[in-house]
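[1] Predicted structure and sequence below. I'll ask about it afterward.
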Amino acid sequence: MSDTTQLLRFITAGSVDDGKSTLIGRLLHDSKSIFEDQYSAISKTSEKRGRAAVDLSLLTDGLQAEREQGITIDVAYRYFATPKRKFIIGDTPGHEQYTRNMVTAASTANLAIILIDARRGVLTQTRRHTFLASLVGVPHIVVAVNKMDMVDYSQARFDEIVAEYTAFAAQLNLHDVTFIPLSALNGDMVVERGDSLNWYTGPALLELLEQVEIDHDVNTDDFRFPVQWVCRPQTEEYHDFRGFMGRIEAGEVSVGDEITVLPSGHSTTVKEIVTYDGKLQTAFAPQSVTLTLSDEIDISRGDLFVKASAHPPKVEKEFEATLCWLSETPLEKHRKYLVKHTTRTAKCLFSRLDYRVDVNTLEHHAVEKLNMNDIARVALKTQLPLVFDSYTTDRATGSFIVIDEATNNTVAAGMIV
């Protein structure tokens, strides 16, 4: 497999017992992505539990506590590949108290698989997980109507669920939603099509995952390059070298391009683009590169290189954001925290707590403090100016985390509006 094979990150989400872990286990098993010793281990565990067949959900439920309870309580990651694409799967919790786990996993996902039990249809948790996926900007949604074997593979039942979910999704302005009927237990429409869903003419799940177009999930129009490190090698050969290392978060850059350094506003041109295996003429997101510039400018970690575009970033000390509170310790409104945005860290205060979102009903409620798993609209003031876009324009420059100065714990994740 080529090193340039495209990587797709996706998560599974749904209500408890909708079959998320079983679906991933079936995907791994039927795509020949597990080893014999792994299969042998889960076979023995299944026997101990008195199961007639091998419980494929055990492939992802790696924590002992999860196995004992038969549920997923943390995000379990798995990696596999086919000749067409590499995959990272996040199996997220179904319980409401683990909202923060799903938000964390979904923030880097290209695609979310929302599972629905064909017998129970669209539930409150289905709506909640869909809202969270839309909140963090997951570009592609796959609604997997699972356990079709329990409703005799009824097309009428599938159509009912599609109609109900579509009506709800319209409220969230979701654009790319695909519906697939399947049976994770029997393997129908997961990797192989099976013989029981002949009325469904769309792709099987793995076929869709291999084909979904993700090239445009990254902002290709607006160049954004946060400086991570100023490289000054102390060697005879490179004693005059001064490069700026980082990852291109959006757009592209070529040798000779004019760039602006923010927040200072100084302009210069790109002299060289250096990588670990040579020099490039042009580099694209999400490549990690070192840029050298034509002029000597005072640049440090946290500065952002941009090019002229129709959507220039903002340079401000105040902004509004949607915040997910991750910590067991509630937010203290008048306390100082640290905000880490791209590669810049600054002290901050919460100037307003506008409202909390009920993730089950989408209603807004007035709030004086935030507890773990709360999602709210807030306003922040920072000590230093930040260079940012809205989260819908660019996920990298439109997101941030909040850090507790005293403990150095990450206590919140935010999306700039």
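    Alright, I've got the coordinates.
[2] For the longest helix along the chain, give the mean pLDDT please.
    Using DSSP state H to assign secondary structure, the helix with the most residues in the chain is helix 155-169. For helix 155-169, mean pLDDT is 95.
[3] residues contacting the closest residue to R157 other than its chain neighbours?
    Excluding its sequence neighbours, the residue lying closest to R157 (Cβ to Cβ, 6 or more residues apart in numbering) is V151, at 4.8 Å. Heads up, the C-betas are built off the backbone N, CA and C, glycines and all. By Cβ atoms under 8 Å, 6 or more residues apart in numbering, V151 lies in contact with 118-119, 157.
[4] So V151 versus I401, what's the distance?
    Relative to I401, V151 is positioned 43 Å away (Cβ to Cβ, to the nearest Å).
[5] Can you get me the start-to-end distance on stretch 404-416?
    19 Å (Cα to Cα, to the nearest Å).
[6] which parts of it are buried?
    Neighbour-count burial for stretch 404-416 flags 404, 411-416 (criterion: 16 or more other Cβ atoms under 10 Å).
[7] likewise stretch 86-95?
    86-94.
[8] now stretch 316-331
    Buried residues in stretch 316-331, counted by 16+ other Cβ under 10 Å: 319-327, 331.
[9] and if you look at stretch 80-87?
    Buried, per 16+ other Cβ under 10 Å, within stretch 80-87: 80, 82, 85-87.
[10] can you list the residues that contact that stretch?
    1, 5-10, 27-28, 31, 33, 79, 89, 206, 209-210.
[11] Inside helices: which ones of those residues?
    Counted as lying in helices by DSSP H, out of the contacts of stretch 80-87, are 27-28, 206, 209-210.
[12] Any of the residues you listed buried? List them.
    The buried subset of these - by 16+ other Cβ under 10 Å - is 27-28, 206, 209-210.
[13] which regions of the stretch 1-150 of the chain sit below the pLDDT cut-off?
    Within the stretch 1-150 of the chain, the segments meeting pLDDT under 70 span 1-4, 35, 37, 39, 46, 52-76, 94-97.
[14] where exactly do the strands run in it?
    7-14, 76-81, 86-91, 111-117, 140-146 (DSSP state E, counting those that start in this stretch).
[15] from those strands, which stretch is densest packed?
    strand 111-117 (a mean of 26; mean count of other Cβ atoms under 10 Å).
[16] Adjacent strands (with direction) for it?
    Strand 111-117 has its sheet partners listed here by DSSP bridges as strand 7-14 (parallel), strand 140-146 (parallel).
[17] Let me see the residues that make contact with it.
    For strand 111-117, the external contacting residues (Cβ under 8 Å, 6+ apart) are 8-15, 17-20, 23, 106, 122-123, 126, 129-130, 133, 138-147, 161, 165, 205, 209, 212, 214.
[18] Got the domain ranges for this structure?
    Taking automatic domain parsing as the reference, the chain has its domains at 7-217, 224-306, 314-416.
[19] Let me know the closest of the ones in helices among the contacts of stretch 80-87 to L262.
    Nearest to L262 among these, counting by Cβ to Cβ, is L209 at 37.6 Å.
[20] My read is that the closest one contacts R9, right?
    No. Between L209 and R9 there is no contact, the gap being 10.8 Å when judged by Cβ atoms under 8 Å.
[21] List the buried residues in stretch 217-233.
    Buried residues in stretch 217-233 (16+ other Cβ under 10 Å): 217-219, 222-228.
[22] In strands, which of those residues fall?
    Judged by DSSP state E, the buried residues of stretch 217-233 include 224-226 as members of strands.
[23] Can I get the residues you listed in TSV including pLDDT and distance to T392?
    TSV is the format used below for these (pLDDT from 0 to 100; distance: Cβ to Cβ, whole Å):
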residue	pLDDT	distance to T392
R224	97	14
F225	98	20
P226	97	19
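[24] Redo the residues you listed as JSON lines? Include distance to H311.
    Shown next, in JSON lines, are those (distance: Cβ to Cβ, whole Å):
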{"residue": "R224", "distance to H311": "10"}
{"residue": "F225", "distance to H311": "15"}
{"residue": "P226", "distance to H311": "17"}
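[25] Can you tell me which of the residues you listed comes closest to G243?
    Distances from G243 to these, taken by Cβ to Cβ, are shortest for F225, at 12.1 Å.
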